[in-house]
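Asker: Take this sequence and fold it.
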Amino acid sequence: MRKLGIVGGTGPESTVDYYQSIISKYQEKAGNKEDLPELLINSINMYKIFTLLENGQTKELADYLTESVKTLEKAGADFVVLTANTSHIVFEQVQQQVSVPMISIVEETYKRTEELGLEKIGLLGTKFTMENDFFQKPFLAGDKTIIVPASNEQQFFHEKIVSELEKGIVDEKTKKAFLGLVAKMIERDGIEGLILGCTELPLIFKPEDLAIPQLNTTEIHVKKIIEVMFDEE
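Answerer: Reported below is the predicted structural model:
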């Protein structure tokens, strides 16, 4: 069994979700509710990441995440994941500086859109995820279109993610506003699916809320994690 290393704390709510989902999916695949995976969690400071990004310090961010991955590698992790979409801004730089394999949430989400046959997809997340092109690269390479909200809408999503969802707060008024803005994207931009590009967004978006497919990036990531954990090659 391959041992997983998790860079968590980015934010704490999604780290808990990852842990619980991995346990559940692992036991389901193992067919044994009394079996548990051995894994490692290195919880780092989400707010430090936001500060580095606000200041445009992507090299420092890459170094910070690289250090956290190397800690897990030294502790015996066979592969590592970053439990946040925003952290993937520097995923390639981090992977180049470590020896342990890493699974990209972006690449796995792209593969899922391929499986669903989606061509025009909406993307929600922190402003760092929506403003930068790291999430869009594989989609553009695959002749798919990624649609993000308008600039003022992006700021609204970001503020609510940071001030509410990252702290585990689910406000019904916020949910109603989010769904209203997504409805605009469906009508205005013709999106065929929606990427929940922040691992806290499933706290507020539920499958029954929209008529179009929702791509829960945590769920997609965890599915691949379980596959790799059971891969003995």
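
Asker: The residue most central in space within the chain: what's it in contact with?
Answerer: Nearest to the geometric centre of the chain sits residue 85, at 3.5 Å (CA atoms, centre = their mean). When contacts are counted by CB atoms under 8 Å, 6 or more residues apart in numbering, residue 85 touches 105, 106, 125, 126, 129, 135, 197, 198, 199, 217. C-beta here means a position set from N, CA and C on the backbone, and glycine is covered the same way.

Asker: let's go with 10 Å and repeat that
Answerer: Applying CB atoms under 10 Å, 6 or more residues apart in numbering to residue 85 gives the contacts 10, 14, 91, 105-106, 109, 123-126, 128-129, 134-135, 195-201, 217-218, 221.

Asker: show me where this protein has strands.
Answerer: 4-8, 39-43, 79-82, 120-124, 145-147, 193-196, 214-216 (DSSP state E).

Asker: Quick check: phi and psi at the residue of the chain positioned farthest from its centre.
Answerer: Residue farthest from the centre of the chain, counting by CA atoms, centre = their mean, is residue 34 at 28.5 Å. With angles defined as degrees, to the nearest 10, residue 34 sits at phi -110, psi 20.

Asker: Now do the domain split for the chain, please.
Answerer: According to automatic domain parsing, the chain comprises the domains 4-104+220-229, 106-216.

Asker: Dump those domains into a markdown table; add mean pLDDT as well.
Answerer: Below are these laid out as a markdown table (pLDDT from 0 to 100):
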| stretch | mean pLDDT |
| --- | --- |
| domain 4-104+220-229 | 96 |
| domain 106-216 | 94 |
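
Asker: State the number of residues packed around residue 207.
Answerer: 9 (other CB atoms under 10 Å).

Asker: Report the separation between it and residue 159.
Answerer: According to CB to CB, to the nearest Å, residue 207 and residue 159 sit 25 Å apart.

Asker: Skipping its backbone neighbours, what lies nearest residue 14 in space?
Answerer: residue 199 (3.5 Å; CB to CB, 6 or more residues apart in numbering).
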